[in-house]
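[1] take this sequence and fold it.
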Amino acid sequence: MLEALHDVVKAGKARYIGASSMEAWRFAKAIYTARRHGWTEFSSMQNHLNLLYREEEREMLPLCAEEAIAVIPWSPLARGRLTRGWDESSERQRADEFGSTLYRQAEDADRRIVDAVGTIAAARGVPRAQVALAWIAQKSEVTAPIIGASKPNHLTDAVAALSLDLSADEIAALEAPYIPHRVIGYV
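    Residues are numbered from 1 along each chain as shown. Presented below is the predicted three-dimensional model:
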């Protein structure tokens with residue numbers, strides 16, 4: 001597969017290649033194999049990272065930082081869970097079968113994180129989305145999150161989050177309730 005990706009770049013069909021959602025050891029192996037054979041190396045990793053799922057901080061983020069690989073996390077708002085109170089819902093949340101499997105492991109801790117987002121957002125006078133996106137944007141390893149904007153205010157919040165500097169105390173309040181999660185299975 002790595003040679004096929006290299007051939008696509010060599011043929012001019014793509015300029016760069018990226019990977020998505022895999023274990024860090026598997027990604028390290030792919031990086032090593034590409035280098036060993038002189039094939040095109042990965043320029044980005046699209047992984048799952050947000051305040052409710054931070055397992056990538058242990059191995060993937062340090063690996064990408066060491067290898068100068070861009071990190072472009074998907075679901076930075078935890079499929080909307082970070083944008084509203086814990087007991088509030090949306091049509092998407094009710095209909096999202098895959099999403100309903102992502103955030104069932106640590107509901108008590110996750111509720112405290114959502115509450116912390118709400119507290120900081122209220123104190124700052126900004127939408128919750130801006131706080132959650134500011135947290136991920138302030139991570140040095142993150143290049144840019146995939147925001148999945150479907151409404152104009154989603155773009156407004158994403159841009160505004162770039163100017164929202166969270167204090168060390170605010171970051172600590174957001175991160176403190178987190179407990180390790182079972183790593184979501186990769187294909």
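[2] which stretches of this structure form helices?
    Listed in chain order, the helices of the chain (DSSP state H) span 2-10, 24-37, 60-67, 91-95, 97-102, 107-124, 128-137, 152-161, 168-175.
[3] please identify the deepest-packed of those.
    Comparing these by mean neighbour count (mean count of other CB atoms under 10 Å), helix 128-137 ranks first with a mean of 24. In short, each C-beta sits where N, CA and C put it, glycine included.
[4] distance from that one to the middle of the chain?
    11 Å (CA atoms, centre = their mean, to the nearest Å).
[5] can you redo the helices of the chain as TSV with distance to residue 146 and mean pLDDT?
    TSV is the format used below for the helices of the chain (distance: least, CB to CB, whole Å; pLDDT from 0 to 100):
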stretch	distance to residue 146	mean pLDDT
helix 2-10	21	95
helix 24-37	18	97
helix 60-67	15	98
helix 91-95	16	66
helix 97-102	15	62
helix 107-124	19	96
helix 128-137	10	97
helix 152-161	10	92
helix 168-175	20	98
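[6] nearest to residue 145, out of those?
    Closest to residue 145 of the helices of the chain is helix 128-137 (CB to CB; 5.1 Å).
[7] summarise which helices and strands that closest one is packed against.
    When contacts are defined as 3 or more CB pairs under 8 Å, 6 or more residues apart in numbering; DSSP states H and E, helix 128-137 packs onto helix 107-124, helix 152-161, helix 168-175.
[8] can I get that helix as CSV, trimmed to CA atoms?
    Taking Å, rounded to 0.1, in the frame of the first residue of the first chain, the C-alpha atoms of helix 128-137 are listed here in CSV:
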residue,chain,number,x,y,z
ARG,A,128,-18.9,26.9,24.2
ALA,A,129,-17.6,25.9,20.7
GLN,A,130,-15.0,28.7,21.0
VAL,A,131,-13.6,27.4,24.3
ALA,A,132,-13.4,23.8,23.0
LEU,A,133,-11.7,25.0,19.7
ALA,A,134,-9.4,27.3,21.6
TRP,A,135,-8.2,24.4,23.7
ILE,A,136,-7.3,22.3,20.7
ALA,A,137,-5.8,25.2,18.8
